[in-house]
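Undergrad: got a sequence here, can you build the structure:
(chains A, B, C and D, ligands or ions: 4)
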Amino acid sequence: MSRIPWVPETTEPLPRVGESEGLLTWAASVDHKQIGIMYFIAALSFFCIGGLEALLMRIQLSRPDNNFIDPELFNQLFTMHGTTMVFLVIMPFLIGLGVYLIPLMIGARDMAFPRLNALSFWVVVFGGLLLYYPFITQSGATDVGWFAYTPLSEKPYSLNNGPTYWALALLCTGIGSVASGINNIITIITLRAPGMTMRRIPLFVWLLLVTSFLLAFAIPILNAGLVTLLLDRILEANFFAPSSGGSAILWQNVFWGFGHPEVYILVLPAFAIICEVIPVFSRQPIFGYGFMVGSAIAIGLLAFGVWGHHMFAVGLGVPFNTYFSLASMLIAVPTGVKIFTWIATMWGGKIYFATAMMFATAFVIEFVIGGLSGVAFAAAPLTWQLTDSYFVVAHIHYVLFGGSMFAIFAGIYYWFPKWTGRMLSERIGKCHFWLMLIGFNLTFLFQHMVGLLGMPRRVYTYPDLPSWNWLNLLSTIGACVLGFSVLIFIFNIFFSLRKGKIAGNNPWNAWTLEWLAASPPPVHNFDEVPRIHSARPLWDLAHPDMPDEPESFNTGVTR
Amino acid sequence: MELTSVFNPSSPQAWAIANLGIFMIIIAGTILAIIIVLVTFISYRFRRKPGDDEEPRQVYGNEKLEIVWTIIPFLIVAALFIFSVITMVKVNPSSAIIEDQKPDLVIIGHQWWWELHYPKSGVVSANEIHIPVGKKMLVRLESIDVIHDFWVPEVARKIDLVPGHPNYMWLEADEPGIYLGQCSEFCGIAHAHMRLRVIAHHQEEFDVWEKGQLYVPPTPRSGEAGKGSKLFKEKACMNCHSIAGTDAVATVGPNLTHLATRTTIGAGTLLNTPINLAKWLKNPKGFKPGALMPNMKLSDDEVNAIVAYLEALK
Amino acid sequence: MTAFDILTTTWNFDGWVIVLCAILIISYVHTVRGHFSKSSLFFIAGVALLFLTLVSPISMLGKSYLLSANMVQHITLLLIVPLLLLHGIPASTIENALKHEAFRKFASIIGHPAIAWFFGVGAMWIWHLPSLHGAVLRNENLYIFQQISFIIFGTIFWWPVFSPIDRYRLQPLISTLYLSAACLGCTILGIVITFASVGLYASYVNPIDSLGILSYIRNDLCLTPSVDQQIGGLMMWVPGCLIYLFASMLTIIRWFKSPEEDLISVTQSGGEEFVSASITSDK
Amino acid sequence: MNIEKNKLLMMFFLASESMFFIVLILTYAYYRSTAAVGFESTGGPTALTSLNPIRTGIFTLILILSSFTVWLGVKSLKSKRHSMLCFWLFITIVLGALFLYGQGTEWWGMIKQDITISRDLFGTTFYTLTGFHGFHVTVGLIMLLILFGLALAGDFRGPKSAGIESISLYWHFVDVVWIVVYSVIYLWAVL
Ligand code: HEA
Ligand code: HEA
Ligand code: CUA
Ligand SMILES: [Cu+2]
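TA: Residues are numbered from 1 along each chain as shown, chains lettered A, B, ... in the order given. Ligands and ions are numbered 1, 2, ... in the order given. Prediction:
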């Protein structure tokens, strides 16, 4: 890549983290970078497991009336797939990214509470093991869907121990996430480098701050739900047992009261990645920092008020549906601000399409597709047709895979040099990108149609109705392509760890503080941190004659 | 079989939703098209040319533009919201109606089949809903175990069957025909096999059907069928099923009084032919894994007798 | 009876409303001494809205027929009207008032965020206790007191966020927390009302049909007691929270328009370009 | 806003805990206000009416008092009166233990009347809510005991201590939660 002005290197490159250290030092580490990397490794391993579960499901669904997998196993597969992907892949990855990058981006040496940080990580891993324990032992994993609707998840209807372990596992990951959230918040408000005011922190940090608030306030709702479910299952309490007067719907309110903020927990850090990647590769500052911050806060606040849109079909009455419809649709407005801002940031820039940028660009489009189908659901009458159909499956994968996962890949290609000191191979990366893009759309685009044709989700088999067959077959083929692209990606990681180009401090010529540190950063991160004057400190260093406009976001000046 | 598409509506309610859907597709399609075109254009037009090392002009934002793209989506969303509220009111029976009208049909969800009651006539059936064309039926939906979900895309909105929380909806069909549907809320092992069909007739045919359902078939005393009717008692079938005109009155399983008039068995799992019925009786779980009807370990002779009996129930 | 009839015939020009509005206008004109500015428009709009809510059919419907109408009235009086009034009062007027020792003391106690918060959210909660709500509907004086208290408590509530004087305002990000906590308060009450069984407010179940519009409301508008109560609860919950959300967006916009001043000042004075990183790490 | 980070940690932790309690309280309120099984009175006495608001009210006062004493403790810490700090900590622990005793006997009495967590919705929600609160009190007591031990050993000479200040915050939180729980369960029962 041709270089636009150089940033002075302030430190000597150091050996790779971990090269000189044994495994035990990793396990006992409280260094935010090592913990971050452990998060990545855990998340990627679980991604392979969750993906394999998905592949098995897709194979079963490739033909009508197929008998490859029996329903008991199928039900466990989709439940474990959903739970794994949400709680053990995307959340740990994004939290790990925050843990790794926040201190670097704000010029701090570590998180505010390094030990708490390590504890959070290990609690999450323990949760993951708890979740898989009954899958491996013969009692059978949870098979009630990732939102475990009562009364199906109650003792009389789910006699195996799966849901109990499920609840315990989520309690663990929940506790870990709350701790990480609070740790992030305190790190961000207390440990910023001199001169780094709240309006100068990178947008990545801003969006993680909002996410952390969501973590700290939404996850306890789930925890409360889980303990009540556990009381029902273990002590025979009656919270959700309609037979003794309990309410079946209460659980849904509690779960989605958590669940909807949760989906923004899953996507706001993805936005955060995009907010870093797009400006750097377009060589332009973000178009409207203030609007980005404001819209993130608006999304964060609105997120708590829309859970009812998962319950439109429950029959809670027109007023209920009307209000939740309104609130859900309103979220499109701040999200739209984000999308348009990214597009405007690219406009007029000089875009360099590294793999990271390709993923970021694809993210914008794929996420809009997912977002628009979300808005379709927000119109309650459409949910009255489409809820719990494959249309929902398409929506969640467009926002979760096309959104969060694409952003995660963009982030990996972007920050891998910082983590390891070596670049990921761009050639293999492009191969990975195109295969993934094709595979992804092939898998999930057609699920919209099969949903509109009336195929419900969570069925292990389906009748041979017109068009259902080939649509599902295409989807299965797509999933295989997708799986292949993941293999290429994994190969790329191992290959580049050995053979990748040496990165140097700032291979992308980026502007945020983490690129000032060596790659990989030394234990203490920085020898010195410059005084911060703007949101783009490294730009200031490189262009002393043309410093970043500190108040730019409110005047809209052009330089 | 027919297409079960959401966009193939056959009732005013389903039409209302489909219209909203078309409106939504137009909006979403336009927005998506704009964004795809923009992104592609930008990716092409503003990519870096080789050898160009100058930083571009730094643009920090434009407040007016930002406000514009806050307000326009807001207006679009407002329009969509109004349209959906109108649709909501159109599709749903109002609470005043629910309070003072008796339902024409009660659907009770069971783990993995549908119990049907026509309270006005007293007909009891299962899994196949017969309705007269053009009549707006007020349906009450309940569940006795877990949450199920009624979904017949072409004729009605989808709605949950929630234990302890009865729901109401309109069910109506414009054209005679068979409309396929399925339970749409995950409800356990055999959720995939909890299908149902709505069969719409002209009013006269419906009346005939209704009369037929009210008719109490005589219990055969002799022949294969007579043997079957005895076996039905002895083999404890009557612990779970009811057949009008006999001692069998249990409601654990579907009412079998007019089984022979139904087109499927096991909630749409098998077509209702004597052979399939025999297969079903020999091993229900083989065709519908998880089904709550036990394998009664019947011999081939016993099965044939019972099939003959059930086939005689018209 | 049609909606049109209701809209045209059920206006109720109570004396006390007119007096209240007159007092507000006159004292405003008196304090600004005829120097009207743009913000005066807000004050006038506030008074107009106040007047409208109290004399229009909303108030009548809310008093005797519909909880939902009653909630609309409460939200307007507690959240919107005070905001407009507060925005309309010129800073100089307040500065003058603050010259009095007693008022300053009063303002610093009442204006303390924790206290102001409790006034705002407390007003919502306490007035909606079913027994108290019933009493208000039976007793005209209590009713008047309730309306006035909404305006006063609302003003107190908004003070830490939109006080005309900067130094009484919370930091923008803190005021976002302040407002979201208030939203939570409203949400909880909204949830309780929405999901409670019908008849939480007994007088709306079988209202005395003095105007003969009950059957129209029940049958044509389909506002049965259960629907009405749900709308009432949701009214407080969703629009209530949207107002808080809107307000916190306003504070954030204001923040970005103001010169940078930090939430936590880590900034040390001094011209040195590089500061050792150890300063920023934990002690 | 110059708050010490450990105190900040405690504040956010408590804010997050309050969401947890809000859900449990709302659950109680939901069943209470929909007159669910165990709440509605069909003439005879219900489990709900077997509560004793006065007795528990006294224990509530004790808990509030303990909040006051821990505040006095922090004040003594600020003014570097070490022995007073030890004293107030001790009193707080005694009062907290008394409260737990009150809860324990209340539970015992109810269990003897066969009101258990699985009996009906009242039992379910009552034991869950008071149980989780009691759990928090117990944890608080343990932390106070540790602080007390450390103080006796000569720690906390003042004027500042993140430990004492955070735990006192925690203790106030437990107290506030109880006031809400008491109002929702006991006062609402008699109103
Ligand atoms: C990353 C996760 C994520 C994200 C970001 C979203 C975003 C949104 N979701 Fe989604 N959702 C899920 C994850 C997510 N969702 C999951 C996992 C489920 C299923 C759970 C389950 O049942 O298993 C679900 C289910 C779900 C449902 C319930 C479906 C059902 O079961 O019946 C609904 C209903 O309203 C919904 C709505 C929305 C809306 C309105 C948005 C909005 O935030 C989208 C906003 C974005 C845009 C609109 C695009 C960009 C905007 C513009 C280009 C501006 C112009 C646009 C307009 C004017 C419209 N979602
Ligand atoms: C982040 C979230 C996420 C992600 C990334 C995915 C990824 C995928 N999902 Fe999933 N999905 C969910 C979240 C996610 N999903 C959720 C929440 C549900 C709802 C669950 C519920 O109903 O309860 C769901 C449900 C769901 C269903 C519906 C099941 C049903 O209702 O019956 C289907 C069906 O096609 C599906 C398919 C896929 C596929 C093909 C992928 C693919 O993209 C996967 C691609 C990855 C791979 C294929 C891995 C390949 C890796 C290897 C081959 C490497 C092996 C290597 C080694 C061993 C070293 N998903
Ligand atoms: Cu019944 Cu799914
Ligand atoms: Cu949602």
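
Undergrad: beta partners for B:Thr109?
TA: You called it Thr, but residue B:109 is Gly. B:Trp114, B:Ser143 (DSSP bridges).

Undergrad: for it, list the residues it contacts.
TA: Applying Cβ atoms under 8 Å, 6 or more residues apart in numbering or on different chains, we find B:Gly109 in contact with B:115, B:141-145, B:147-148, B:150, B:161, B:183, B:187. For every residue, glycine as well, the C-beta is placed using N, CA and C.

Undergrad: what about 10 Å?
TA: B:115, B:141-150, B:160-163, B:183, B:185, B:187, B:194 (Cβ atoms under 10 Å, 6 or more residues apart in numbering or on different chains).

Undergrad: gap between it and ligand 3?
TA: Note on B:Gly109: its distance to ligand 3, by Cβ to the nearest ligand atom, to the nearest Å, is 6 Å.

Undergrad: buried stuff in the longest helix belonging to chain B?
TA: Longest helix of chain B, by residue count under DSSP state H: helix B:12-45. Across helix B:12-45, burial judged by 16 or more other Cβ atoms under 10 Å in any protein chain shown covers B:12-18, B:20-21, B:23-24, B:27-28, B:31-32, B:35, B:38-39, B:42.

Undergrad: before we move on, what about stretch A:488-501?
TA: Within stretch A:488-501, judged by 16+ other Cβ under 10 Å, the buried ones are A:488-489, A:492-493, A:496, A:500.

Undergrad: which one of the residues you listed is nearest ligand 2?
TA: A:Phe489 (8.9 Å; Cβ to the nearest ligand atom).

Undergrad: okay, now the nearest residue to the closest one once chain neighbours are set aside: neighbour count?
TA: Nearest-residue entry for A:Phe489: A:His432, 4.8 Å, with adjacent residues in sequence omitted and distances by Cβ to Cβ, 6 or more residues apart in numbering or on different chains. A count of nearby residues for A:His432, using other Cβ atoms under 10 Å in any protein chain shown, gives 26.

Undergrad: the chain: strands as residue ranges?
TA: Going with chain A. Using DSSP state E, the strands found in chain A span residues A:528-530.

Undergrad: the chain in question should be chain C.
TA: C:274-276.

Undergrad: same question, chain D
TA: Going by DSSP E, chain D shows no strands.

Undergrad: can you pull out the low-pLDDT segments for it?
TA: Applying pLDDT under 70 to chain D picks out residues D:1-2, D:41-47, D:191.

Undergrad: 80 - rerun?
TA: D:1-3, D:34-50, D:155, D:158, D:189-191 (pLDDT under 80).

Undergrad: next one: chain C
TA: C:1-10, C:12, C:32-38, C:166, C:197, C:199, C:208-213, C:218-222, C:257-283.

Undergrad: pLDDT-wise, which helix or strand of chain B ranks last?
TA: helix B:95-100 (a mean of 82; mean pLDDT, DSSP states H and E).

Undergrad: can you confirm whether that helix lies near chain A?
TA: Yes: part of helix B:95-100 sits near chain A under the criterion Cβ under 10 Å from any Cβ of the partner chain, namely B:Ser95.

Undergrad: counting by contacts, list what that helix packs against.
TA: strand B:137-143, strand B:167-171, helix C:225-257 (3 or more Cβ pairs under 10 Å, 6 or more residues apart in numbering or on different chains; DSSP states H and E).
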